[in-house]
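Trainee: I would like the atomic coordinates for the input below:
(chains A and B)
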Protein chains: 2
Amino acid sequence: MPLSARSTLPSLARGLVPEVADRPDRGLPIAPSQGVLQPLGIGEARIDGGFWGERQQLNATAIIEHCEAWVDQMGWTGNFDAAVEGRLPQDRRGREFADSDVYKLIEAMAWEIGRTGDADMDRRLRALVERIARVQEPDGYLHTHYGRPGQGDRYSDLQWGHELYCFGHLIQAGVARGRTTGHDLLVEIAVRAADHVCDVFGPGGIDNVCGHPEIEVALAELGRYTGEQKYLDQSALFVERRGHGRLGDIEFGRSYFQDDVPVRETRIMAGHSVRALYLAAGAVDIAVEADDAELLEAVRLQTRATLARRTYLTGGMGAHHEGESFGLDHELPPDRAYSETCAGVASVMVNQRLLLATGDVLHADAVERALYNVVAASPAADGRAFFYTNTLHQRVPGSVPDAAEASPRASSSLRAPWFEVSCCPTNVARTLASLGSYLATTDASGLQVHQYAPAEIRAALPSATQPGGREAAVKVETAYPSDGDIRVTVLEPATLGGADEPWTLSLRAPSWAEGATLTVDGATEPVAPGYAHVTRAFAPGDVVELRLPVVARWTWADPRVDAVRGSVAVERGPIVMALESVDLDPEGRDASVNTARVVVDGAPVERDGEVLVPVAPAQVEDASWPYADRAPAPTAEPARLTPLVPYHAWANRGPSTMRVWLPVA
Amino acid sequence: MPLSARSTLPSLARGLVPEVADRPDRGLPIAPSQGVLQPLGIGEARIDGGFWGERQQLNATAIIEHCEAWVDQMGWTGNFDAAVEGRLPQDRRGREFADSDVYKLIEAMAWEIGRTGDADMDRRLRALVERIARVQEPDGYLHTHYGRPGQGDRYSDLQWGHELYCFGHLIQAGVARGRTTGHDLLVEIAVRAADHVCDVFGPGGIDNVCGHPEIEVALAELGRYTGEQKYLDQSALFVERRGHGRLGDIEFGRSYFQDDVPVRETRIMAGHSVRALYLAAGAVDIAVEADDAELLEAVRLQTRATLARRTYLTGGMGAHHEGESFGLDHELPPDRAYSETCAGVASVMVNQRLLLATGDVLHADAVERALYNVVAASPAADGRAFFYTNTLHQRVPGSVPDAAEASPRASSSLRAPWFEVSCCPTNVARTLASLGSYLATTDASGLQVHQYAPAEIRAALPSATQPGGREAAVKVETAYPSDGDIRVTVLEPATLGGADEPWTLSLRAPSWAEGATLTVDGATEPVAPGYAHVTRAFAPGDVVELRLPVVARWTWADPRVDAVRGSVAVERGPIVMALESVDLDPEGRDASVNTARVVVDGAPVERDGEVLVPVAPAQVEDASWPYADRAPAPTAEPARLTPLVPYHAWANRGPSTMRVWLPVA
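Mentor: The predicted structure is shown next:
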């Protein structure tokens, strides 16, 4: 179709008259047309306080504004103005993918506006979008780093250029906007960019893929949003093309960008973690839409294998700084954990999609773990500094990053305000803003609650008797994860049809929750890890209480994880704990966590809201050579009950050393 | 001085009439003007068979020719022809530092010609040098990657350009040639290049350093060779300039090229290992020549600290693939050991220089360890493939590298014939060719033997009564390291003066050699690790026998080396042993070393020339999540005595898995 025939944006026909899944009042980040479970949107599951409510508030009041200020300060928004004013390439700032952080910020703002209706943020979003819209070329191409005299040609560097990656984030922002506010300029830009991608990379076009997957998951969702099959087809084309060596070899190897093995034949994730996970997320989407059971099963199995053999206790992924990549099986060094914040976000994306497609509780457990111990670990308590990598062992206290300078490095020992490659802060922002949709799902039988937070959840359930369906509404009250009691009250069932048909409320008991109980109408029964189901014709005021055994526990690793042999970790509910040097006795001879030993004798102690374990400080004499016919014996010191800190909260008290895995005395 | 005044090469005045240290028949790689010990050259200490003799033979018959073929095949020698023929930059091949591998090969050939007088190799060297000479510009500059239309300007990229690095290797080749054959075209080229460097980077010139240290150690030795102080001054200037941030920041941080802290203030080595070690070698040289005790002590202490806290059991250095760098203290993951072969070579360079300067046996021990377990590990048994990195744990069997293709990666699971960055093979070649000079030294009291090999050693000793000195000559007979008996026979003392003054023969007992004995004239006495001394007026035929307890032993690591907690290694004499999967029972349920456990019960067994340890195969069931409230118990299998392989010999029997550190059952 000639480009000129596109000016009326026919592909938006269904976007302009959204299906149920795309009603702006639902606000669905993921809207599969089929699957075991159906998602709820941020308009249907509203978090109200608690652990995640506080972080959504921090996002609203600090993180998003902080990101807005930094993309300006770094000149990344200015690049769009420079493009319009003919000042490129000389005035371009940032790396080749700098546009993408502006788009991811806009996506975060779109969800946040959808969540809160923040009019001022809406005004700021529109202003940003207008600056970007002016840069889009007549054929839909839009990038500040390519295509002008003095710049590289369009698509001249698919290995490293990140053009399709940037379009992916633009398209995701467009879908977020359409799904929360409705059709506007941002949606139009996104659709034009997607049409351009289909024109250039479609059958007969450039027979290649982008070095950084992202366009796949974006096009799939745009296809769902607009109802246009061509976007799903293009996404599928990208997924199938990858893995055949089209991108060429690089020093990191073809696995770096998953171009060594087709997704369909991949048995476990490898290479750059974020790339592998974004690709897997897109592959789930197209498998679901195409009813491609083989592809879905391939991604399901590779995700299971990755969780079983290549994932840190925190849910973090990526064991190598080199190539930001997965390690080999069981190669999970705590002190060299890369565990990029974005890989945590991406793992949430993949596992949530697999949860919807399969209903397997494993994926809900994985979402929870990554949210509490990777995504929540990234932002500082004030929301104005971030971890990019998330080490599990900090050997030396770092220095305080300059608050006015972007960190040139991904790894920082304390959270940095910004990075020269700053994908993580905006990824955290968009995840927090859309977090409500991870709480619950529906299926033909009823409502499933997967993640616990004080919340009100309203969902349309199918009905055997009411053609229009009926509404289930519940209120969740909990101090989780501080406390394991979760109280679900059925609200006024302002049903769409008024029926009192029975339905099933399912509550997730995480894998660690041996000994959980469920109380309904005063009757308490044990429930096993997995889903606990209560089926009845619920009346307003009915209460179901789940009690999860949130107490501190010791955790050991598979013996093949060589790097933590002889060590133990502490978890409490979904929270991974850490020993931080600022909690060691400063009067002690050694306030470093590197030599401390933990005495495993009974369970960890809980006292006054703290988790404490017996820690024996120790000192090891330096020898001129650290290997001998017997190991140097640490000096024995009496153990002292020492508080642990939630891993996500470490490094908020100044430079420190820290470790998750504690050598056993 | 104007360049035109230089055409007579006045700086070679002393090079053309060498001092004693620079007599071509001595063949000294390092010739300090002072120090506790004085080196011997490859003409004075000649290896005759045994472990190192076999490797020198392999170098002569395979490695050097292999390198010659590959620098041609890769087009790296052709770059010089292309320069002359005006075909640059379009016909240039290889990375920016490709010239350096040709120079390092020539250095290896120069030592080898000095060692054996190989006339055909001498013809080949001269032919290569003539091709290179034509490229040198009138002002002494010589590089195939910079300075021509269409190439980068000279010195436009000091961070990554490697121009001074290349000159450093050219100068080292020149010194090797001058010290073995005498003044010729290669020496002239090297001197012209050095003069150029002094002109451009001297006081008032470019106030910066090269991203990769190497010019420092090269200029220092050229200063010693020619007697020209200006080369030593320029070397000192480079050493002192570094560490003040002149090169600018990079993603790896300024420590990558040691530009964060001046050498004089460095407490332990950090950043890129080869860079740190080359720099340290040059710093020792200029400290010795300038009588700069503070600088010498700084390098001595940082080397001691590096050996104590940042060195693998093999003597390997470099714990990070990212940035090819040292890790933090005690951060020594076996499965991610970078332990570059070149870092092993460079550690030998630094420790040999410190041995000469201080006489501390620690450095001779370090030289031995790196030679046997890093340098010797690199070449394959046939001398036609090499390890670039030297992991201590191979988790998965690799694939066989293509014999016709250069590996694009530094890390290969099996030795590769060549690398796109191929610094290591030529570094091995030059080290093996000049190895004789590491065997022994002299001081005022006599002769010290540090490294053991079948050899004849002839050295001029100072004499109280003979102004011309006198000669000590000994023959070393040993099967070391297979066997610990070292028999030293005094040869005809064709003394320079004929005196029978007493002198001292000192033999090194390595740090592991508790229980060593020394037998002189039928009397045997225990000797402690360190140096055993025998002082007498030796007569021809006198025999001194050192017996080192070369038996397999268990070795444990400092408990701060977290990555090998609960594991033990086996060493036998200076040889680190490894468990390789090809020696595990193929009938067993799991022929992978990843799950095997060793039973530490008594000493390792020695039988029929093999070292065997009880290994219990095991299998661990995969769970969906590898962390639990108890570790998955491996299935217990009975232990079976399993042979270990010397680490340096692993991976010569096809794809395999391997580990040095064995988890204790």
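Trainee: Who are the packing partners of the helix or strand containing residue A:187?
Mentor: Secondary structure assignment for residue A:187, by DSSP states H and E: helix A:185-201. The elements that helix A:185-201 packs onto, with contact taken as 3 or more CB pairs under 8 Å, 6 or more residues apart in numbering or on different chains; DSSP states H and E, are helix A:119-133, helix A:163-180, helix A:215-226, helix A:229-241. Any C-beta I mention is one placed from the backbone N, CA and C, and that applies to glycine too.
Trainee: go with 6 Å
Mentor: Contacting helix A:185-201 under the criterion 3 or more CB pairs under 6 Å, 6 or more residues apart in numbering or on different chains; DSSP states H and E are the following elements: helix A:119-133, helix A:163-180, helix A:229-241.
Trainee: Also compute the angle for the longest one relative to helix A:119-133, please.
Mentor: An angle of 140 degrees separates the directions of helix A:163-180 and helix A:119-133 when computed by axes from the mean of the first three to the mean of the last three CA atoms, to 10 degrees.
Trainee: Quick check, the residue in the stretch 101-250 of chain A closest to chain B?
Mentor: residue A:249 (5.8 Å; CB to the nearest CB).
Trainee: before we move on, back to that, so which bits of the helix holding residue A:187 are buried?
Mentor: Across helix A:185-201, burial judged by 16 or more other CB atoms under 10 Å in any protein chain shown covers A:186-201.
Trainee: what residues are up against residue A:102?
Mentor: A:71, A:76-77 (CB atoms under 6 Å, 6 or more residues apart in numbering or on different chains).
Trainee: Format these as JSON lines; extra columns: neighbour count and distance to residue B:603.
Mentor: Below are those laid out as JSON lines (neighbours: other CB atoms under 10 Å in any protein chain shown; distance: CB to CB, whole Å):
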{"residue": "A:71", "neighbour count": "26", "distance to residue B:603": "64"}
{"residue": "A:76", "neighbour count": "23", "distance to residue B:603": "64"}
{"residue": "A:77", "neighbour count": "24", "distance to residue B:603": "69"}
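Trainee: Residue A:634: how many residues sit nearby?
Mentor: 21 (other CB atoms under 10 Å in any protein chain shown).
Trainee: pretty sure it contacts residue A:617?
Mentor: No: applying CB atoms under 6 Å as the test, residue A:634 and residue A:617 come out as separate, 9.1 Å apart.
Trainee: give me the element residue A:64 is part of.
Mentor: Going by DSSP H and E, residue A:64 is part of helix A:64-73.
Trainee: name the helices or strands packed onto the lengthiest strand in chain A?
Mentor: If you go by DSSP state E, chain A has its longest strand at strand A:470-478. Packing partners of strand A:470-478 (3+ CB pairs under 6 Å, 6+ apart): strand A:455-461, strand A:485-490.
Trainee: Geometric centre of chain A: which residue is closest?
Mentor: residue A:345 (1.7 Å; CA atoms, centre = their mean).
Trainee: where does that one land in three-state SS?
Mentor: Here residue A:345 is recorded as helix under DSSP: H, G, I helix; E, B strand; the rest coil.
Trainee: That one and residue A:429 touch, don't they?
Mentor: No: here residue A:345 does not reach residue A:429: they are 10.1 Å apart, not a contact under CB under 6 Å.
Trainee: now for the helix holding residue A:64, which elements pack on it?
Mentor: helix A:98-116, helix A:423-433.
Trainee: How about the contacts made by residue A:332?
Mentor: Residue A:332 is in contact with A:312, A:319, A:561, counting by CB under 6 Å, 6+ apart.
Trainee: now swap in residue A:508 and tell me
Mentor: Here residue A:508 is in contact with A:364, A:450, A:531 (CB under 6 Å, 6+ apart).
Trainee: quick one: the first one and residue A:450 touch, right?
Mentor: Meaning residue A:364. Yes: between residue A:364 and residue A:450 there is a contact under CB under 6 Å: 4.2 Å.
Trainee: higher neighbour count, those two?
Mentor: Higher neighbour count among residue A:364 and residue A:450: residue A:364, with 26 against 22, using other CB under 10 Å.
Trainee: Strands along the stretch 251-400 of chain A, start to end?
Mentor: Along the stretch 251-400 of chain A, counting by DSSP state E, counting those that start in this stretch, strands occupy A:393-394.
Trainee: Distance check, the nearest residue to residue A:140 once chain neighbours are set aside against residue A:179.
Mentor: Distances taken as CB to CB, 6 or more residues apart in numbering or on different chains place residue A:196 nearest to residue A:140, at 2.9 Å, with adjacent residues excluded. For residue A:196, the distance to residue A:179 (CB to CB, to the nearest Å) stands at 22 Å.
Trainee: count of residues packed around the residue in the stretch 1-150 of chain A that chain B sits nearest to?
Mentor: Taking CB to the nearest CB, chain B has its nearest neighbour within the stretch 1-150 of chain A at residue A:95, 10.8 Å off. By other CB under 10 Å, 16 other residues sit near residue A:95.
Trainee: One more: the one 10 residues further on?
Mentor: By other CB under 10 Å, the residues close to residue A:105 number 28.
Trainee: Can you name the residues that contact residue A:99?
Mentor: A:144, A:166.
Trainee: Let's see that with 8 Å instead.
Mentor: In this structure, residue A:99 makes contact with A:76, A:79-80, A:142-145, A:166, A:169-170, judged by CB atoms under 8 Å, 6 or more residues apart in numbering or on different chains.
Trainee: can you list those residues in CSV and add distance to residue B:298?
Mentor: Formatted as CSV, the contacts of residue A:99 follow (distance: CB to CB, whole Å):
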residue, distance to residue B:298
A:76, 44
A:79, 46
A:80, 51
A:142, 55
A:143, 50
A:144, 48
A:145, 45
A:166, 49
A:169, 50
A:170, 54
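Trainee: of those, closest to residue A:570?
Mentor: residue A:169 (37.5 Å; CB to CB).
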